[in-house]
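> what's the 3D shape of this:
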Amino acid sequence: MPRRDIPDDVRSKSTHSPHGSPAGGRITIVSASVGAGHDGAADALALRLEAAGFEVDRHDFLDLLPFRLGRGLSEAYHRLLTSAPSGYQRIYAATERSGSPGPAIRALLRSAERRTLRTIRPQTRAVVSTYPLAGQVLGALRRGGRLAVPAFTYLTDFSVHPLWVAPGIDAHLAAHPVPAAQAAALGAAGVRVTGPVTGPRFTAADEAERRVARDRFGLPHDAALALLVAGSWGVGPVRQSAAEIRDSAAAEPVVVCGRNAALAEQLRADGFRYVHEWVGDMPLLMRACDVLVQNAGGLTSLEAFASGLPVASYRCIPGHGQTNAAALDEAGLAAWIQQPEALTSVLSDLVKGPLGERQRAAGLALFATAPGPADVIADAALPRANPTVKPQLAWHRGKLAASALTVTLSLGIGAPLAHAYENDRGRLPHLAHSFFERCEM
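Coordinates of the predicted model:
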């Protein structure tokens, strides 16, 4: 099949008005370029807040960490998912059990506080996080009195890891009662079910729109199509999932590999006809398909719900992929196929059976929830005095350097591994432990 270049959607980015103060004031959103889901949620929130009259300032939390540690952390996370998924599962489970950041993570987060404060411009009326570690920093600043405007966390996942819950955050906004209940059980403040937020072009298609979309992507009109996604990094056993979907005869796989060009080439060599790398026009591609098969439970699932597309979770990645699959299944929004033997029957039911009808209705109903996360944030961003930000934090260069070295030494792949092994200190270098103690404040 010839490869088609699909034009990218126009996404909202950081905007600073050259004409003075915006009528609605400013709202700062802190996301993270770890995959695409956190940024995608921030994009959608920004669009709606700008439409409400606010100026939106966007920041990547990875850039707020010193010494380029954010980029190293993202790369380590990527390597774990692709090369050592069992290691990522151990980290996820360890942090889930402990319920709070370990010493290396706390030191890392403290190192981002000064830069985070500097991003908050005059007339900012609220700050929003779409990434758990950013929420931890904002909560600490709010709790310590250094941030005088409301701080929100928008929960991008359907399952809530303890790192999403930060003391000091004014409100944790959830897409559904299932994540809201998980957040409340972890002690989150101001939990509110607001429904999800996605880009405005993700809408249900009629039959004519479906035909146009299939023509645009060169897809057949007479076949059931399963859109197989694996995040912007294209991680997980995608080739195996694609082969099993094809062999099931329930649907023809249409595979999106994100930025993983090597995966796309492997799939084409395997004989798959409909393979894409990064697709800019996902709303159009979703209109062309009959069911979404995903392995992480992130933003793409929410976009499918908005598009009236039933969703299946299959061969999910460890950690959040599996907990999200369980939460989505509990909510009645996405069937979790845990055994390959069930693939054919579940996909068939989703494509043309009552299960698919129920899930389409449940997914679309999510977006009928009022008022929506952007409206909740806008309502709280009332005119008030400028935030009082301490010009200097009590930082000592030695402690900051210790934080950086701790992260570097923790088995070479960042702060989360140090946290995962903190109860087994014999397995970490002695020097890292000495820095753990020095970084504790």
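> Please make it C-alpha for all contacts and neighbour counts, starting now.
Will do.
> Tell me where the stretch 201-350 of the chain has helices.
Under the criterion DSSP state H, counting those that start in this stretch, helices of the stretch 201-350 of the chain are mapped to 207-217, 238-248, 261-269, 282-288, 299-306, 320-330, 343-352.
> residues in contact with the shortest one?
So that's helix 282-288. The contact list for helix 282-288, computed with CA atoms under 8 Å, 6 or more residues apart in numbering, reads 201-205, 209-214, 217, 219, 225, 227, 303-304, 307, 309.
> could you redo the last one with a cut-off of 10 Å?
With CA atoms under 10 Å, 6 or more residues apart in numbering as the contact definition, helix 282-288 has outside contacts at 6, 8-9, 199-207, 209-221, 224-227, 254, 256, 279, 292, 300, 303-304, 306-309.
> Just the buried subset of these, please.
Among these, those scoring as buried are 6, 199, 202-205, 210-214, 217, 219, 224-227, 254, 256, 279, 292, 300, 303-304, 306-309 (criterion: 16 or more other CA atoms under 10 Å).
> Would you mind measuring from R90 to I27?
From R90 across to I27, the span is 36 Å (CA to CA, to the nearest Å).
> So for the two, which residue has more residues nearby?
Higher neighbour count among R90 and I27: I27, with 25 against 16, using other CA atoms under 10 Å.
> any idea of the pLDDT on that one?
Turning to I27, the model gives it a pLDDT of 97.
> got it, and G236?
Per-residue confidence (pLDDT) for G236: 93.
> swap in L62?
Here the pLDDT value assigned to L62 is 94.
> Who are the contact partners of L173?
152-156, 179-180, 183, 189-196, 372-374, 376-377.
> Quick one: the strands in this protein, in order.
26-31, 55-60, 124-129, 151-154, 171-174, 192-193, 225-229, 252-256, 275-276, 291-294, 311-314, 334-337 (DSSP state E).
> in its sheet, what does the first one sit against?
Under the criterion DSSP bridges, strand 26-31 sits next to strand 55-60 (parallel), strand 124-129 (parallel) in its sheet.
> would you turn these into a markdown table with mean neighbour count and distance to A175?
Below are these laid out as a markdown table (neighbours: other CA atoms under 10 Å; distance: least, CA to CA, whole Å):
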| stretch | mean neighbour count | distance to A175 |
| --- | --- | --- |
| strand 55-60 | 22 | 22 |
| strand 124-129 | 26 | 15 |
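> Out of these, which gets nearest to A148?
Among these, strand 124-129 comes nearest to A148, with 8.8 Å by CA to CA.
> Where does the prediction get shaky in the stretch 1-150 of the chain?
For the stretch 1-150 of the chain, the stretches with pLDDT under 70 are 1-23.
> now the helices for it?
Under DSSP H, counting those that start in this stretch, the stretch 1-150 of the chain gives helices at 37-51, 61-64, 69-83, 85-98, 103-110, 113-119, 132-143.
> Just want to check the distance between A185 and I27.
Going from A185 to I27 by CA to CA gives 29 Å.
> Same check on V137?
17 Å.
> what about stretch 70-79, distance to the chain center?
Chain-centre distance of stretch 70-79: 15 Å, with CA atoms, centre = their mean, to the nearest Å.
> What residues of it count as buried?
Buried, per 16+ other CA under 10 Å, within stretch 70-79: G70, R71, G72, L73, S74, A76, Y77, H78.
> What residues does L333 make contact with?
Contacts of L333 (CA under 10 Å, 6+ apart): 301-302, 305, 310-312, 325, 327, 355-356, 358-364, 366.
> Make a PyMOL selection of the buried ones in the residues you listed.
Only the buried entries of these go into this PyMOL selection, using 16+ other CA under 10 Å:
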select buried, resi 301+302+305+310+311+312+325+327+355+356+359+360+362+363+364+366
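> Number of residues surrounding A51?
Residues near A51, counting by other CA under 10 Å, number 10.
> do the same with the one 10 residues further on
Neighbours of F61 under the rule other CA under 10 Å: 26.
> Next one: it from A32, what distance?
Separation of F61 from A32 (CA to CA) stands at 5 Å.
> Would you mind confirming that R26 is in contact with R125?
Yes: counting by CA atoms under 10 Å, R26 touches R125, with 5.8 Å between them.
> shared neighbours of those two, anything?
F54, A381.
> Show me where the stretch 251-400 of the chain dips below the pLDDT cut-off.
In the predicted model, the stretch 251-400 of the chain carries pLDDT under 70 at residues 369-370, 382-400.
> Go again with 50.
385-400 (pLDDT under 50).
> what's the overlap in contacts for F61 and A32?
In contact with both F61 and A32: G70, S129, T130, Y131, P132, L133, A134, using CA under 10 Å, 6+ apart.
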